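Colleague: I'd like to go over a predicted model; first the sequence, then the structure.
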Amino acid sequence: MNPEYEKSEGPGWWIMALLVISLVLGLALLLLVGCQPLSPSVRSVEEVPFEMVKVASDQILMVTGDRSYRVLLNIPEQLPENEEFTVSGTVFDSDGPVSDEVRVHFDAGMPQHGHGLAIDVDTERSVKGEFLTPGVRFHMKGRWLLTVDIAEGPHFERARAWVSVK
């Protein structure tokens, strides 16, 4: 007794052909589009649409996601654990330091642990794109994600960089 489906001329080979074609097209698209370079953020930046500045060992140059701003962050090269220090920096756009109306906020966190700084910090603006955030304290060792939020009217961008507290 032979099953009837063995004799049928159903669409089985069409389904397999469509599956193979879609897999090949999907892989081709992934190779063309999916392998874009990551945007650099830690201690050096390539292909920045601004004039490059020299970055000292105690500075981090970050670029916002839309690449409208760059942030030169002054932060200790050897980050202290459980000691307060001050983070300062300067925000630039394509014309140079941003105006005093631009709002800037610094923050940090450990996403892999689900927490940020133990004490909220306030960012104070200064002249010529500069800002100051006193009272930053990394209360534990590990990787910290630094975040600088920049808001100019309704326009909002964020720059991020990873640092390690050892």
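Modeller: Cool, got the structure. Numbers count the residues shown, from 1 in each chain.
Colleague: right, and the helix or strand after the least confident helix or strand in the chain by mean pLDDT?
Modeller: Least confident helix or strand, the chain: helix 12-33 with a mean of 85, by mean pLDDT, DSSP states H and E. Next helix or strand after helix 12-33 toward the C-terminus (DSSP states H and E): strand 59-63.
Colleague: after that next one, which helix or strand is next?
Modeller: strand 70-74.
Colleague: what comes up buried for that following strand?
Modeller: Residues 70, 71, 72, 73 are the ones in strand 70-74 that count as buried (16 or more other Cβ atoms under 10 Å). The way it works is simple: take the backbone N, C-alpha and C, and place the C-beta from them, glycine included.
Colleague: got the angle for that strand vs strand 59-63?
Modeller: Angle, strand 70-74 to strand 59-63, by axes from the mean of the first three to the mean of the last three Cα atoms, to 10 degrees: 160 degrees.
Colleague: give the next helix or strand downstream of strand 70-74.
Modeller: Where DSSP H and E defines the elements, the next helix or strand beyond strand 70-74 is strand 85-93.
Colleague: average pLDDT across that next one?
Modeller: For strand 85-93, mean pLDDT rounds to 93.
Colleague: report the contact partners of the residue lying closest to residue 112 once chain neighbours are set aside.
Modeller: With Cβ to Cβ, 6 or more residues apart in numbering as the criterion, residue 112 has its nearest non-adjacent residue at 7.0 Å, and that residue is residue 143. By Cβ atoms under 8 Å, 6 or more residues apart in numbering, residue 143 lies in contact with 110, 112, 162, 163, 164.
Colleague: before we move on, the earlier item: now do the least confident helix or strand of the chain: which elements does it pack against?
Modeller: On a contact count with 3 or more Cβ pairs under 8 Å, 6 or more residues apart in numbering; DSSP states H and E, helix 12-33 meets no helix or strand.
Colleague: just the CA coordinates of it, formatted as PDB?
Modeller: Once non-C-alpha atoms are left out, helix 12-33 reads as follows in PDB (Å, rounded to 0.1, in the frame of the first residue of the first chain):
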ATOM      1  CA  GLY A  12       6.800  20.900  -3.200                       C
ATOM      2  CA  TRP A  13       9.700  21.700  -5.600                       C
ATOM      3  CA  TRP A  14       8.300  25.300  -6.100                       C
ATOM      4  CA  ILE A  15       8.300  25.900  -2.400                       C
ATOM      5  CA  MET A  16      11.900  24.700  -2.100                       C
ATOM      6  CA  ALA A  17      13.000  26.900  -5.100                       C
ATOM      7  CA  LEU A  18      11.300  29.900  -3.500                       C
ATOM      8  CA  LEU A  19      13.000  29.200  -0.200                       C
ATOM      9  CA  VAL A  20      16.400  28.900  -1.800                       C
ATOM     10  CA  ILE A  21      16.000  32.100  -3.800                       C
ATOM     11  CA  SER A  22      14.800  34.100  -0.800                       C
ATOM     12  CA  LEU A  23      17.700  32.800   1.300                       C
ATOM     13  CA  VAL A  24      20.200  33.800  -1.400                       C
ATOM     14  CA  LEU A  25      18.700  37.200  -1.800                       C
ATOM     15  CA  GLY A  26      18.600  37.700   1.900                       C
ATOM     16  CA  LEU A  27      22.200  36.900   2.300                       C
ATOM     17  CA  ALA A  28      23.200  39.200  -0.600                       C
ATOM     18  CA  LEU A  29      21.200  42.100   1.000                       C
ATOM     19  CA  LEU A  30      22.900  41.300   4.400                       C
ATOM     20  CA  LEU A  31      26.300  41.500   2.800                       C
ATOM     21  CA  LEU A  32      25.600  44.700   1.000                       C
ATOM     22  CA  VAL A  33      23.700  46.600   3.800                       C
END
